[in-house]
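A.B. asks: Structure, please.
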Amino acid sequence: MEGERQRVDRFLWHARLARTRTLAAKLAASGHVRVNGRRIDAPGRGLKLGDVLTLASGGRVRVLKVLSFAPRRGGSETARRLYEDLSPPAPKPEFPPAPTRPAGHGRPSKRDRRLFERLQSRGSDFED
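C.D. replies: Predicted coordinates for the structure are as follows:
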């Protein structure tokens, strides 16, 4: 029956985890997708409700539990209802503290401004 199983590449495409079905098939064939902890290399591998997908893409690992299947690709709200995201939240990037000038020292000079810009763009790589 169609509602009980779905191909991995179709699910990735319907859940909007891949932009096209061809890219979803390539992702599954490349070995970057695991189903219930087992690496797959075929985009035609069937998924069942309750299966756990581990997907490595974009430098991030996502763990998804399959909740339902869609007969066709829908909007982002519909796609989010197809799975439950079990992956830990992405760490927040740490930014260096904003540069400050002591009160009463007037307007920064061109040299000061360049040092501040370098500090903001490089973070802790600041050197005198």
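A.B. asks: alpha carbons only for contacts and neighbour counts from here, please
C.D. replies: Noted.
A.B. asks: Distance from the top helix by length along the chain to the middle of the chain?
C.D. replies: Counting by DSSP state H, the longest helix found in the chain is helix 110-122. In terms of C-alpha atoms, centre = their mean, to the nearest Å, the centre of helix 110-122 is set 32 Å apart from its chain centre.
A.B. asks: Would you mind confirming that V66 is in contact with L82?
C.D. replies: Yes: V66 sits in contact with L82 when judged by C-alpha atoms under 8 Å, with a separation of 6.3 Å.
A.B. asks: so who does S76 touch?
C.D. replies: 15-16 (C-alpha atoms under 8 Å, 6 or more residues apart in numbering).
A.B. asks: same thing with the one 4 residues further on?
C.D. replies: Neighbour list for R80: A15 [criterion: C-alpha under 8 Å, 6+ apart].
A.B. asks: Now the phi/psi pair for it, please.
C.D. replies: phi -70, psi -20 (degrees, to the nearest 10).
A.B. asks: all numbers from here: first residue = 200
C.D. replies: I'll keep to 200 as the first residue from here, and by that count the last item is R279.
A.B. asks: what's the pLDDT at it?
C.D. replies: Looking at R279, its pLDDT is 93.
A.B. asks: secondary structure class for the residue lying farthest from the centre of the chain?
C.D. replies: Most distant from the centre of the chain: G303, at 45.7 Å, with distances by C-alpha atoms, centre = their mean. Using DSSP: H, G, I helix; E, B strand; the rest coil, the secondary structure recorded for G303 is coil.
A.B. asks: gap between it and D311?
C.D. replies: Here the distance between G303 and D311 works out to 15 Å (C-alpha to C-alpha, to the nearest Å).
A.B. asks: What of A224?
C.D. replies: Counting by C-alpha to C-alpha, the gap from A224 to D311 is 53 Å.
A.B. asks: quick one, which of the two is more surrounded?
C.D. replies: Neighbours were counted for A224 and for D311 using other C-alpha atoms under 10 Å; A224 has more, 21 against 12.
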